[in-house]
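**Q** Have a look at this prediction, sequence included:
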Amino acid sequence: MKRIVAGIVAHVDAGKTTLSEALLYRTGEIRKLGRVDHGDAFLDTNALEKARGITIFAHQALVEHGSMQLTLLDTPGHVDFAAETERVLRVLDYAILVVSGTDGVQGHTETLWRLLARYDVPTFIFVNKCDAAGFDREAVLAQLRARLSDAVFPLPACEAVSDDARVPLGESVEDIATLDERAMDEYLESGTLSVGRIRAMIAARRLFPVYFGSALKLEGVEEFLDGLETFASEPQWSESFGARVFKIAHDQQHNRMTWLRVTGGTLKAKEMVDVDGESEKIDQVRVYNGAKFETVTEVPAGAVCAVTGLTRTFPGEGLGAEPDAESPALQPVLTYTVLPADAAEEAVAEGRKPSDSGGTSKGNGASDVARDGDSASRDDRDGKSVETDAGESSPESPRPRFDDLTLHKVMRALHELEDEDPLLHVVWVERLAEVHVQLMGAVQLEIIQQTLHDRFGLDVAFGQGSILYRETITAPIEGVGHFEPLRHYAEAHILLEPGEPGSGIRVKSALSENELDRNWQRLILTHLTEREHLGVLTGSPLADITMTLVAGKAHLKHTEGGDFRQATYRAIRQGLMELRAGVSGHPATPVEERPDTSGAGNCRLLEPWYWFRLEVPADMIGRAMSDIQRMSGTFESPVMDGDYAVIEGLAPVAEMRDYAMDVNQYTHGHGRFSATFGGYRPCHNEDEVIREAHYDPESDLDNTPDSVFCAHGAGYPVKWYKVPEFKHLDYATA
């Protein structure tokens, strides 16, 4: 019996969970068909899922059909939980993409299709709701080929399942054969294609079978199962142990569970595995089927299970022979401030939004994260006045804060949720005494809020979401950090260079061990990656930068580990300040006066952009194009699709956040708008955002660019622009 792991993915409301129910019912796994809208679906086991009628978390079910043992992973369909879906894709043999027969290919469907291509997942397509009035089979098939791939073809039933059996493809055989060179050779020889050739084409993503039916009425479900059994093939597994972690969860007893797919060897209970350089023991191995699970002693390669006992794992991690996954394609673009529950009630009573008490600007202003380091002009929050752009003072109400006990509980709960979803990214901002979280959207925010109430008994509110900016550089610089208070010593030179868009932060060492001991070098590289370093324009996190250790010095007697942490942090910030002053490479010395840092210099502010698809009636195309230009967006030439014009392009998230409501209003409900994260690009209104952030990098004491030197038995601070004159090591770069 062949073992297959398949994940069901779809745009929300396409009928994904309903298809899962139908597959389970047809194979005899359940005796009664559950329904999402009735809250009794077999795979929607969470109370929040039952209450809302949507899938929020990935769930597992076991199905047997003929010679196939199928592990089914049902994934969320809502775009706010797309990161959960993306994590599952790495462990799939096949994906089942569900498309609504009435709605066709929607915006999130295309996002899922691109993710399936990125992770190289072979895909079967099931067109659902074919029993609905107005369904047009040929029109949907044409749309699938136009919007997804021209390799989408219906496949007929095939009773014989041997590799050499012929598939009765009819008139489609020649078109299918043109998709693959070997298939064409086989077609030219025999005039037909074999089951084995079709299997190979599907596995190589050269062919995408499509089936039509109605999951709710069990139409086409049996044929789909037969096709999956016939044309899916089990991968060949390695004998050495390997596993891919795709999910972290906690059961009702708060036991931490690591969900993983075994990709080689055998996973046994009580076995020791290497996790992040340390050995940890697996306590239990659980095989789930809906809400129930069976505890087993071992699972073979190809199996999906949840294990307890591991405390350091994270989604995307590789165990054994498996490497860690790349950074996910989907990233949160909004940041929210966590407030006491009564903050929302106070805001309503005073006629303002919850976030207004913190001086938050409108949606396209500086983000909360961008204001994190602003200790000079905005630390004075306890009922005092705040300096404005014009130099005047205006009263500002203090933002509501948690008491110490509640704050501890909130942070502990949020860190547990962050453990399950690393993209949540919980940050405690010391200067503002605030908790910030990063989210995909409003629906996820509501789920987090409800989860905190149900699981932890905590009631919180959230400030209005604001844009999550990032910062990068456009020129190289060698930053210098020196830390030498009495009986301490460390100096580090870090070369900062622009990286490729989307590359994140990369670190390396170009320093010989003869110049600095390897242990110190490893420590410095750890300091480069152990925290989220902030830029000097708005205090936003750095991105797309390569950091290279090029020089360093320790003292045989006085250097301690923490000394290099201080030197490394200061070197990064000193280099960034030089870049903001317009310097590249390294500055000339001596410096007679403080450099001008009023502009951005060689630093750049990045903002998230949406990739959007807009469908409007043809007579409204002018309004749509004008709106996109007004929002600083770019777009390709409009394409006519019947009576509708289709516009695709890119636009800043800050400008396009609420545009879906505008489209619905001016098209009177006839327009369709969808948007997905399109990456970080240069900020369209950089000067405005920097001005509104009021960020003073020199007053951000937690991220200071200055250094500390020692003379006459005492340490003394040296401003960042004077550090090149006091440094102990020569510049290592030309």
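**A** Arrived safely.

**Q** quick one: the helices in the stretch 251-400 of the chain?
**A** 342-349 (DSSP state H, counting those that start in this stretch).

**Q** Now do the same for Val36: its pLDDT.
**A** The per-residue pLDDT reported for Val36 equals 58.

**Q** now Met272
**A** Met272 is assigned a predicted lDDT (pLDDT) of 91.

**Q** Quick check, it in contact with Lys281.
**A** Yes: taking contact to mean CB atoms under 8 Å, the distance of 5.4 Å between Met272 and Lys281 places them in contact. The way it works is simple: take the backbone N, C-alpha and C, and place the C-beta from them, glycine included.

**Q** what do those two both touch?
**A** With contacts defined as CB atoms under 8 Å, 6 or more residues apart in numbering, no residue is shared by Met272 and Lys281.

**Q** how about the nearest residue to Ser172, chain neighbours excluded?
**A** For Ser172, the nearest residue in space outside its immediate sequence neighbours is Phe153; the separation is 5.6 Å by CB to CB, 6 or more residues apart in numbering.

**Q** scratch that, Ile477 is what I was asking about
**A** Taking CB to CB, 6+ apart as the measure, Ile477 lies nearest to Gly575, with 4.3 Å between them; neighbours along the chain are not counted.

**Q** Helices along the stretch 401-550 of the chain, start to end?
**A** Residue ranges of the helices in the stretch 401-550 of the chain, as given by DSSP H, counting those that start in this stretch, are 404-420, 442-456, 518-529.

**Q** biggest helix in this structure, by residue count?
**A** As far as residue count goes, and with DSSP state H defining each element, the longest helix of the chain is helix 561-580.

**Q** and it, what does it pack onto?
**A** Secondary structure elements in contact with helix 561-580, counted by 3 or more CB pairs under 8 Å, 6 or more residues apart in numbering; DSSP states H and E, are strand 477-483, strand 490-498, helix 518-529, strand 545-554, strand 603-617, strand 707-711.

**Q** how close does the closest residue to Phe635 other than its chain neighbours sit to Val639?
**A** Counting by CB to CB, 6+ apart, the nearest residue to Phe635 once its immediate chain neighbours are dropped is Gly649, at 2.9 Å. Applying CB to CB, to the nearest Å, one obtains 12 Å for the distance of Gly649 from Val639.

**Q** my guess is the residue nearest to Ile477 meets Glu478, correct?
**A** Yes: distance between Gly575 and Glu478: 6.7 Å, which falls inside the contact criterion (CB under 8 Å).

**Q** And the two? Which one has more around it.
**A** Legend: neighbour count by other CB atoms under 10 Å for Gly575 and Glu478, higher for Gly575 (28 against 25).

**Q** Model confidence for the more buried one, exactly?
**A** Turning to Gly575, the model gives it a pLDDT of 97.

**Q** neighbouring contacts of stretch 295-303?
**A** Residues outside stretch 295-303 that contact it (CB under 8 Å, 6+ apart) are 3, 5, 71, 234-235, 237-238, 261-269, 284-287, 305.

**Q** Drop anything exposed from those.
**A** When neighbours are counted using 16 or more other CB atoms under 10 Å, the contacts of stretch 295-303 contain these buried positions: 3, 5, 71, 261-265, 267, 269, 284-287, 305.

**Q** that older thread, and the next helix or strand past the helix or strand where the residue nearest to Phe635 lies?
**A** Assigned by DSSP states H and E, Gly649 belongs to strand 644-652. For strand 644-652, the following helix or strand on the C-terminal side (DSSP H and E) is helix 653-656.

**Q** Counting by contacts, list what that next one packs against.
**A** Helices and strands touching helix 653-656, as assessed by 3+ CB pairs under 8 Å, 6+ apart, comprise strand 603-617.
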